[in-house]
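S.K.: Please work out how this folds:
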Amino acid sequence: MTESRVRAGTVGDTTTAERVLEELAKGCPTPPENQIRTAYQSVGVHDRAGWPWPGTIVGWWTSPDGVTTCQVRLSGASAPRWAVYDPDRIILLVQSGT
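M.R.: Numbering: from 1, shown residues only. Predicted coordinates:
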């Protein structure tokens, strides 16, 4: 592995950001498309070590049993993933206002 790939946080074709999303998405169902609430909310996603990753929530869904899930896109990951919303790990960031 080259030094530049190590610094960029990639191993093979999987980035560190994709591994963070994979961990968050474990066991999370994909919601019915007609029930998704489209969004664009900046977030900071904390990995298990506590490091923040910049990202965006691009969709919300609440299951019939009341579990809130969000579709998270992280900087450095190729695609968004659905994850159970955990306010201790997925921090909503204020976009504007007082």
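S.K.: and the residue minimising distance to the centre of the chain, bridged to which residues?
M.R.: A centroid search over the chain (CA atoms, centre = their mean) returns residue 72, at 3.3 Å, as the residue closest to the centre. Using DSSP bridges, the beta-bridge partners of residue 72 come out as residue 57, residue 81.
S.K.: if I look at it, how far off is residue 65?
M.R.: 21 Å (CB to CB, to the nearest Å). The C-beta positions use only the backbone N, C-alpha and C, and glycine is treated the same way.
S.K.: Same question for residue 52.
M.R.: Distance of residue 52 to residue 65, computed by CB to CB: 30 Å.
S.K.: Out of the two, name the residue with the larger neighbour count.
M.R.: Between residue 52 and residue 65, counted using other CB atoms under 10 Å, the more crowded position is residue 52 (12 against 5).
S.K.: wouldn't residue 16 be in contact with residue 77 here?
M.R.: No: with contact defined as CB atoms under 8 Å, residue 16 does not count as touching residue 77 (9.1 Å).
S.K.: What segments of this structure are helices?
M.R.: Read by DSSP state H, the chain holds these helices, from start to end of the chain: 3-8, 16-25.
S.K.: Could you list every helix and strand in contact with the longest one?
M.R.: Contacts defined by 3 or more CB pairs under 8 Å, 6 or more residues apart in numbering; DSSP states H and E place helix 16-25 against strand 68-74, strand 81-84.
S.K.: Now do the contacts for residue 76.
M.R.: Residues in contact with residue 76, defined by CB atoms under 8 Å, 6 or more residues apart in numbering, are 9, 15-18, 53.
S.K.: er, residue 39 I mean
M.R.: If a contact means CB under 8 Å, 6+ apart, then residue 39 has 57-60, 70 as its contacts.
S.K.: Top of those residues by number of neighbours, please.
M.R.: Neighbour tally across these (other CB under 10 Å): the maximum, 25 neighbours, falls on residue 70.
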